[in-house]
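Student: here is a sequence with its predicted model. Questions after.
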Amino acid sequence: MPLRWILKGLKRGVLTHDYPKKGRPPEGVAPEVVPEEPVECPFGASTEEGVDPSACLNCGLCGDVERRSTLGDVDVRGELGGSLRRSLHVFFLDVGSCTACNTEVALVKCPYYDSDRLGIFFTPTPKHADVLLVVGAVTEGMRPVLEEAYEAMPEPKAVVAVGTCACSGGPFGDPVSSVVDVDAEAHGCPPHPLTVLEALMGVAGR
Amino acid sequence: MNVVAYGSVEDVPEVDPRDVPRDEVLAAVFDLKGTHLYVWLDHDVDEVKVTRFPDVPRDLREERPGLAWITGSVEPPEREGRAVVLRYGPAASGLWEAGAFSILTYGEKMLRLAPDLGYKFRDVEGRVKGESPDVAAVLVERRCGNFAVHAAVLFSRLVERLAGVSPPGEVVAARRMAMELERLREHLWVVHRLAEAASQRVAVQTFASLTEDVLRVMGGALGHRYGFGFTGPGRVREPDPDPVDVVGEVLEELEDLEDLVEASKIWMDRLHTTCELGPEDVHRYDIEGVPARAAGVARDVRTMDPYYPGYEPVLRTEGDTVARMWVRYEEAKASALSVLRDVRRAGGWSEDVDGAEGLAVGVVEAPPGPMVAAVVMKGGKVKALRFRGPSHHLMYAFCAGAEGEIFTDFPFGYAGFGIYFSDADG
């Protein structure tokens, strides 16, 4: 039986994209419908400088059609570098997400993105982690859990906030940066798996 | 019908819930405007019914033990003799979510379990109060991103009913297509999680990549990988039909894989007789959705939904995790066929819903089970919203099924329910 599964897998061929060697793969995104009456962002993402990508829910109510069809960008402020450039162990922590971010993070391990080939591995304990990857707006119940997880990590360590809720609090609560310092943000609601990988590679210094 | 409307809460008939026939399923109890709205599912006549009563009678709990699940009033287990309580969560990697279970255990056996809800409470119901229907829809679909389309469609249909507008046929087709894409993606993801629990590495990657295929279809056809913003009250985005062709390939792959999955003895043995819930449990605890259908009880609110004329539920009889997986597998294939039928006739829509006034209550069949909501609209704004995702009731159903199992059965049982703390907490 295992042989039949292996043959089945081989028949599907190589699905993994060449990212980051060949940049991001194109992904079809349907043309957006511009709202008849665009409104000022009800969630506070509009600023004098334009749309704040860390707070944008990509809901399209403001009529910013171009922004809505992006896959999300990253903001890297700190790098671990050194020996962690090639091998990064990540502890995943949800502090109050809608679970879409959780699924996108889980999908970085699927054959299309294959985080293993980039030396990015998930670990079940913060004690073995170089990076704390956090999704969701911080709820009251998860605030002490976030603090405890961060404290349990060995040095050097970095924090990556994934998704609008983790980056800015979104419409539901406080951002991760209100509890611990954040080294990189993956924007989007939710961010695409490639955006998550890009943020992780950013803190690795690659 | 799956949606009912009233001028106000006071217009809902006052009925003692103890007088409601036992074969009507109690789907939700909403505390609203100083009274309690009881939402019943009558599968004999395929209708949702709503009654009100000032309180929740104590003796109703004896007649309907599932009421303690609905109201979240289940006491967590306490130490008993040599059995101790183990906390699993809220940062356990096995759950992949902020949530926890209290497990009374002796040795390897799980004697009793209870979910510890609230870690992900974001008060979506409170935050939509006073908002326009469009803004409220953005928040409602973020209760649980994995069921976003179903939540948005349910909320939209309630507001549209109160505004007296009905979507044309091509819009119904577009919404049905989006909901079935979500169901297809979610069922594939559950099979992936079950394969992961059994360490079936090739199967894990196969079903993960199929899930990603459907997410890409949703991104291309609906404009968002999770369907966020695809629909709202009085509007549906014009779907792009071209990316949907991939669903045909996913369907072929599912048909091709079926024998292989069934013949994977190591995998199937882990699911067989795990986390069993029989028809007597389904009736006793007012269980709906996939776990009911896997136990041979035809409870699927698509049978009362005008969006799904003539719908026939998929049934299995064993009531265990393997039965729940096959119900999902069959439904995934049916969803793919439904999407392929609807794609060429689906269209966009824009209609004013400013005149929405009153109370509407409704239900749709989300991937694991029924999603129930009640909305009160006044002056074009949301005055009150009550929302109950399927995961809330099914968290407790999982715990009931897992009683007496051993620890290593936990991930199989939990994955097979396909439920989320975000959906349970709201």
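Tutor: Yep, it's here. Residues are numbered from 1 along each chain as shown, chains lettered A, B, ... in the order given.

Student: centre of the chain to the longest helix seen in chain B, how far?
Tutor: Ranked by residue count under DSSP state H, the longest helix found in chain B is helix B:169-197. Centre-to-centre, helix B:169-197 and its host chain are 12 Å apart (CA atoms, centre = their mean, to the nearest Å).

Student: one more: stretch B:65-76?
Tutor: Put simply, stretch B:65-76 sits 18 Å off its chain's centre (CA atoms, centre = their mean).

Student: state the mean pLDDT of it.
Tutor: Regarding stretch B:65-76, the rounded mean pLDDT is 93.

Student: and that stretch, how far apart are its ends?
Tutor: One end of stretch B:65-76 sits 16 Å from the other (CA to CA, to the nearest Å).

Student: could you double-check that B:Pro368 sits in contact with B:Glu288?
Tutor: No. In this structure, B:Pro368 is not within contact of B:Glu288 by CB atoms under 8 Å, at 9.3 Å. For glycine as for every other residue, the C-beta is placed from the backbone atoms N, C-alpha and C.

Student: which phi and psi does the closest residue to chain A within chain B have?
Tutor: Proximity of chain B to chain A (CB to the nearest CB) peaks at B:Gly145, 2.7 Å away. Dihedral pair for B:Gly145: phi -60, psi -30, per degrees, to the nearest 10.

Student: my guess is it contacts A:Glu104. True?
Tutor: No. B:Gly145 sits out of contact with A:Glu104 when judged by CB under 8 Å, with a separation of 9.2 Å.

Student: which parts of the helix or strand hosting B:Thr211 are buried?
Tutor: Taking DSSP states H and E as the definition, one finds B:Thr211 inside helix B:201-222. For helix B:201-222, the buried set under the neighbour-count rule, 16 or more other CB atoms under 10 Å in any protein chain shown, comprises B:202-222.

Student: angle of it against helix B:169-197?
Tutor: Calculated by axes from the mean of the first three to the mean of the last three CA atoms, to 10 degrees, helix B:201-222 forms an angle of 160 degrees with helix B:169-197.

Student: mean confidence score for helix B:201-222?
Tutor: Helix B:201-222 comes out at a mean pLDDT of 94.

Student: and stretch B:371-381, by the same measure?
Tutor: Per-region confidence: stretch B:371-381 scores 97 on mean pLDDT.

Student: show me the shaky parts of chain A.
Tutor: Residue ranges of chain A with pLDDT under 70: A:1, A:24-38, A:64-72.

Student: where does it get nearest to chain B, residue-wise?
Tutor: A:Ala100 (2.7 Å).

Student: which other helices and strands contact the helix holding B:Thr211?
Tutor: helix A:2-12, helix B:169-197, helix B:246-262 (3 or more CB pairs under 8 Å, 6 or more residues apart in numbering or on different chains; DSSP states H and E).

Student: next SSE downstream of that helix?
Tutor: Per DSSP H and E, the first helix or strand lying C-terminal to helix B:201-222 is strand B:231-232.

Student: which helix or strand lies directly C-terminal to that next one?
Tutor: The element immediately downstream of strand B:231-232 (helix or strand, assigned by DSSP H and E) is strand B:235-236.

Student: so what's the residue count around residue 103?
Tutor: Answering for chain A, as no chain was given. By the criterion of other CB atoms under 10 Å in any protein chain shown, A:Thr103 has 25 neighbours.

Student: my question was about chain B, not that one.
Tutor: Look at B:Ile103: counted by other CB under 10 Å, it has 24 neighbours.

Student: so what's it up against?
Tutor: Contacts here follow CB atoms under 8 Å, 6 or more residues apart in numbering or on different chains; on that basis B:Ile103 touches B:Pro77, B:Val85, B:Leu86, B:Arg87, B:Tyr88, B:Met110, B:Arg112, B:Leu113.

Student: the last one: what's it in contact with?
Tutor: Under the criterion of CB under 8 Å, 6+ apart, the contact partners of B:Leu113 comprise B:Pro77, B:Phe101, B:Ser102, B:Ile103, B:Leu104, B:Phe398, B:Cys399, B:Ala402, B:Glu403.

Student: wait, the last one sits on B:Arg112?
Tutor: Yes. If you go by CB under 8 Å, B:Glu403 and B:Arg112 touch, sitting 5.9 Å apart.
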